[in-house]
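Chemist: Sequence first, then the predicted structure, then my questions.
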Amino acid sequence: MKRIVFGVLAILIIAGTSCNKSSVSDIPKDCYQPDSLVVILTEIHKYDALLGQKNSLIVEKNYNRTLLYNSLWKKHKTTYKKFQTSMDWYAGYPKLLNSIYDQVLGNLQNQKQAIKTEIK
């Protein structure tokens, strides 16, 4: 799943250098709508963070990355292929992709804050 992380980073770099515009009505039917992509990307980044922790239960139990990500695709009734198709398309629309990532970052920050609040 390192490909996902590197793919997302490559897309963000490409997106940062491009200046195309798009509206939600222009999104192809074989791609996620922005709200759906926000949810999936939020989970992907949480999985990546979890897998990157040396002391996490997931790493200690030597869980298979592929199985973990396959559970994500199954949960959202989708496939990696559709995710990659969507990311490829959004790469051509940097303003739209940046607004999606602003929401992803907001979700992650809110979830982090909620965890901190629960711990106190």
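Modeler: Good, I have the coordinates.

Chemist: biggest helix in this protein by residues?
Modeler: helix 94-119 (DSSP state H).

Chemist: gap between that helix and the chain center?
Modeler: Its chain's C-alpha centre and that of helix 94-119 lie 11 Å apart, by CA atoms, centre = their mean, to the nearest Å.

Chemist: And stretch 65-73, by the same measure?
Modeler: Taking CA atoms, centre = their mean, one finds stretch 65-73 lying 13 Å from the centre of the chain it belongs to.

Chemist: List the buried residues in that stretch.
Modeler: Buried residues in stretch 65-73, counted by 16 or more other CB atoms under 10 Å: 69, 72. C-betas here are computed from N, CA, C, even on glycine.

Chemist: What separation do you get for the residue positioned nearest the centre of the chain and residue 115?
Modeler: With distances taken as CA atoms, centre = their mean, the residue of the chain nearest its centroid is residue 41 (1.8 Å). Residue 41 is 19 Å from residue 115, where distance means CB to CB, to the nearest Å.

Chemist: One more: residue 69?
Modeler: Distance from residue 69 to residue 115, by CB to CB: 22 Å.

Chemist: So for residue 38, what's the nearest residue that isn't a sequence neighbour?
Modeler: residue 103 (4.6 Å; CB to CB, 6 or more residues apart in numbering).
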